[in-house]
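Visitor: Next come a sequence and a model predicted from it.
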Amino acid sequence: MALFRAREDIRNARTHDPAARGGAEIALVYSGLHAVWSYRVAHRLWRAGFRMPARMLSQFTRFLTGIEIHPGARIGRRFFIDHGMGVVIGETTWIGDDVMLYHGVTLGGRGSGHGKRHPTIHDHVTIGAGAKVLGAIEIGTRTVIGANAVVVHDAPPDSVLTGVPARARPRSGHEQIAGDEWLDPALYI
């Protein structure tokens with residue numbers, strides 16, 4: 001199971017990063033991948049009740065990679081962090097499958113109480129560099145969040161979020177962009 005996931009993660013990185021030269025390079029030098037792999041171990045510890053070791057592992061990984069993923073977060077398959085320095089993912093964050101984050105993204109909480117305080121990111125979402133998604137909000141499937149956007153409200157599926165505070169607009173109008181090029185969050189600054 002773990003080996004299968006590692007291979008899947010490496011294939012996913014090759015798909016998302018045109019600079020990727022091969023599986024060995026990805027496995028050895030991609031800090032986003034290392035952070036995700038470490039998160040998976042920490043998350044298992046967290047769910048088994050070993051919370052202090054889980055937090056210690058997540059903080060050690062933060063020291064090594066610059067990426068902080070709380071072990072209580074829930075993350076789906078084929079999650080990719082590109083140039084991950086400064087990424088923060090909070091404890092009650094839920095991330096679906098096939099989500100991609102760029103550097104400096106915060107999936108942060110609002111409020112000091114217990115319970116769900118962090119965002120839910122549905123499948124096939126791309127979040128641009130420096131974006132902040134804050135609070136117990138939902139980001140719909142196939143949404144693109146532009147670089148440096150600050151998102152504090154729910155977003156419907158197939159939307160594009162830009163600005164401070166971010167506003168959702170339908171993805172329509174971007175069909176003229178070839179292939180998956182519309183996924184590039186730099187287009188929506």
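Guide: Alright, I've got the coordinates.
Visitor: Kindly list the single helix or strand of this protein that scores lowest on mean pLDDT.
Guide: One helix or strand of the chain scores below all others by mean pLDDT, DSSP states H and E: helix 2-16, with a mean of 82.
Visitor: got the CA positions of the next helix or strand after that helix in CSV?
Guide: For helix 2-16, the succeeding helix or strand toward the C-terminus, using DSSP states H and E, is helix 23-29. Extracted C-alpha coordinates of helix 23-29, given in CSV (Å, rounded to 0.1, in the frame of the first residue of the first chain):
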residue,chain,number,x,y,z
GLY,A,23,11.4,9.3,-10.6
ALA,A,24,14.7,9.1,-8.6
GLU,A,25,15.2,12.9,-8.7
ILE,A,26,11.6,13.5,-7.5
ALA,A,27,11.9,10.9,-4.7
LEU,A,28,15.2,12.4,-3.5
VAL,A,29,14.8,16.2,-3.8
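Visitor: Give me the helices and strands touching helix 23-29, please.
Guide: Identification of packing neighbours for helix 23-29 by 3 or more CB pairs under 8 Å, 6 or more residues apart in numbering; DSSP states H and E yields helix 2-16. In short, each C-beta sits where N, CA and C put it, glycine included.
Visitor: Identify each buried residue in the helix it packs on, please.
Guide: Buried residues in helix 2-16, counted by 16 or more other CB atoms under 10 Å: 6, 9, 10, 12, 13, 16.
Visitor: any chance of those residues in TSV, plus distance to residue 30?
Guide: Listed next are the buried residues of helix 2-16 as TSV, based on distance: CB to CB, whole Å:
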residue	distance to residue 30
6	12
9	9
10	9
12	11
13	6
16	10
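Visitor: which ones are touching the residue most central in space within the chain?
Guide: By CA atoms, centre = their mean, the chain has its centre lying nearest to residue 101, at 4.3 Å. The neighbours of residue 101, taking CB atoms under 8 Å, 6 or more residues apart in numbering as the test, are 32, 80, 81, 82, 84, 87, 127.
Visitor: Please consider this matter closed, and thank you.
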